[in-house]
Every structure is written in C-alpha cells, then in structure tokens.
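1. What follows is a predicted protein model with its sequence.
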Amino acid sequence: MGEFVARYGPWAVVTGAAQGVGLAFTEALIARGLGVVMVDVDPRVTAVAAALGDERSARPLVADLANPSWIDALDEATDQLEVGLAVANAGVAFVGRYLDMDPGRRRAILDVNCTATVDLASWALPAMVERGRGGFVATSSGSALAGTGGVALYSATKAFSVNLIEALGWELADSSVDTLAVVAPTMDTPMFRSGGADPARAFAPPVDPRVVVEGALDALPSGGRWLADEGLAFAAGVDRAERVAMMSIATTAMYPNTFTPQRPKPEDDPK
C-alpha cells in the first residue's frame, strides 16, 4: 500500500464517483491509502462521501461535467491538495438507434465522455509530469473494440478514450506518469440495471465492478490498453467486420424492448 501511495498519492480525483464503477474506484483507492475527491453531477455524492469517512478520506464535489466550468470547480476544490491520480470515469450513454437520439443527448455524450476526459487530462497531467510521478485512468468499454450498433456514439467515444490514453502513454513514456485505458466488460452497476437490459441475454454474466477496478489498479503501472477479461481478449482478435456484427448483435440482444433481435443472414443460417 505504501508503494501505491508513493507513486499515485496522496490524493486522487474520480469522476462519476457516486455509484457503480466510480464508487468502486473510490472505495478501492481509499483502501489503498489515498484520499479521493469524488466528482459527480448527482448531489447524493455528498452523502456517499460522508459515509466513506471524514474529509481526509473522501471529499465530494457536485459538478456537471457537461458544463466546461466544472474543471474550475475542481481546481478550487483541490486547492492545497496534491493530486497524484485522476480517473476519468463519468459517462453518458444512449441505447437505441443513432438516428433516434435527440441532439441534447448527443451533445451530452460528447461533452462528458470526450471533452471532460480531455479537460481532466489537461488539468491533472502537467503537475504529475513536473513531479515525475502519477497516473491517469480512463474507463472505457468493450464497445470501443469495434463500432457497436445500438450504442453507436457511446462506442465511438469509448474508442476515443482508448486512443487518447495510448497516445499519451507514448508521449509521456519518459515522465514516470502512467496512463491506462480500462476496456471493461458489461458490469453489474445501477446504470446497467436501470437501463432496460436483460442480464439473462448478456453475452456473459455482468461482472462485479469491484473486480474490474482492482485489476485495473494493479495494471496501471504497465499502462496502455487493458482488456479486463478473456472474453474481450477474444473479441479483440476477431476480424474487424465480424467483430462489428458480433458486438452489435450481442449488445442489441440485451435490450429486447428496444431492438428486434437480429437473425443470422440466410447463407450463414445452419438451417
């Protein structure tokens, strides 16, 4: 634990920290000895932070990452704190056909999933590079491995995160600052459970986010793109066109109330 704090402490920033994957990151980092600034648009983050301990362990910041001013609020909230780790975890999704998405949702996905990640990296990394230590993590998704129908724009933004992290890792290779893109499988989170998905139709059982988070933090020193399970490693090795179809069918199949299940093409049907 002491080595982890020395490398990435004493404070971390986690976005989307009130529940799900962000809360799992927060709890894991506190257990490893870091204090965490918990950023979330949900005001309940204040109560969640209080339940985790005093302000030496967790400090809440209610902020809307779709509003560019959130980074100024973060700067003020971390005044006098040395932030050695930043986790860009907050995300917005839309399940449905791209052409059915309203402009407001489209803009929110881009602002939170892409722009806020860029803003956090631009805010956190210079001080880390100057100190010669630190880490930056972005939570991505298996949908980043190929254009995934049913979550088209979300899929594209998650690929954006992976490419950004890989490029930053190359540029910062001599800085002792680690960057990691967490390519996560379907996880059992409040967002997943409330989004209309049928877990029984998932390609594989949804994973406990705490398992993914612990693996990610262990993988952080290695940097780059981290595939969280064997299923994702298999998918990454499939021919690209086949992967698009495979992942799109698997994703839309989980939402029977949103999509009509797709059948194989006649020439591929074993019947």
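-> In hand now; what should we look at? Since this is a predicted model, take the numbers as computed values, not measurements.

2. Format the CA atom coordinates belonging to the biggest helix by length in the chain as CSV.
-> Ranked by residue count under DSSP state H, the longest helix found in the chain is helix 152-171. Only the C-alpha atoms of helix 152-171 are listed here, as CSV (Å, rounded to 0.1, in the frame of the first residue of the first chain):
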residue,chain,number,x,y,z
ALA,A,152,-23.1,3.8,-31.7
LEU,A,153,-22.0,7.2,-30.3
TYR,A,154,-21.1,5.8,-26.9
SER,A,155,-19.0,3.2,-28.7
ALA,A,156,-17.2,5.9,-30.6
THR,A,157,-16.5,7.9,-27.5
LYS,A,158,-15.0,4.9,-25.7
ALA,A,159,-12.7,4.3,-28.6
PHE,A,160,-11.7,7.9,-28.4
SER,A,161,-10.6,7.4,-24.7
VAL,A,162,-8.5,4.3,-25.6
ASN,A,163,-6.7,6.1,-28.4
LEU,A,164,-6.1,9.2,-26.3
ILE,A,165,-4.7,7.2,-23.4
GLU,A,166,-2.4,5.1,-25.7
ALA,A,167,-1.1,8.2,-27.4
LEU,A,168,-0.5,10.0,-24.0
GLY,A,169,1.3,6.9,-22.7
TRP,A,170,3.7,7.1,-25.7
GLU,A,171,4.3,10.8,-25.3
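
3. From V182, how far out is A121?
-> Remark: distance between A121 and V182 (CB to CB, to the nearest Å) = 15 Å. All C-beta spots, glycine's among them, are computed from the backbone N, C-alpha and C.

4. Those two: who's more crowded?
-> Under the criterion of other CB atoms under 10 Å, the comparison of A121 against V182 puts V182 first, with 28 against 18.

5. That one belongs to a strand, doesn't it?
-> Yes: looking at V182 with DSSP: H, G, I helix; E, B strand; the rest coil, it is inside a strand.

6. so it touches L227, yeah?
-> No: taking CB atoms under 8 Å as the contact criterion, V182 and L227 are not neighbours in contact, 9.0 Å apart.

7. Tell me, how many residues neighbour A47?
-> A47 has 12 neighbours, counted by other CB under 10 Å.

8. what does the host helix or strand of it rub up against?
-> Taking DSSP states H and E as the criterion, the element that holds A47 is helix 45-52. Contacts to helix 45-52, defined as CB atoms under 8 Å, 6 or more residues apart in numbering, come from residues 17-19, 23, 26-27, 30, 38-39, 58-62.

9. Where strands are concerned, which of the residues you listed count?
-> With strands identified by DSSP state E, the entries of those that belong to them are 38-39, 58-62.

10. Return the entry from those with the maximum number of neighbours.
-> Neighbour count (other CB under 10 Å) singles out V39 as the most crowded of the ones in strands among the contacts of helix 45-52, with 30 neighbours.

11. Next up, the contacts around that one.
-> Neighbours of V39 in contact, by CB under 8 Å, 6+ apart: 13-17, 45, 61, 63, 65, 70, 74, 90.

12. how about a cut-off of 7 Å?
-> Taking CB atoms under 7 Å, 6 or more residues apart in numbering, we find V39 in contact with 13-15, 17, 61, 63, 74.

13. just L125 next, same as before
-> When the contact criterion is CB under 7 Å, 6+ apart, the partners of L125 are 136, 177.

14. circling back: compare the contacts of V39 and tell me which has the most neighbours.
-> Looking at those with neighbours defined as other CB under 10 Å, the largest count falls to A17 at 32 neighbours.

15. hang on, that residue packs against V37?
-> No: proximity of A17 to V37 does not meet the contact threshold set by CB atoms under 7 Å, at 8.3 Å.

16. All set now, cheers.
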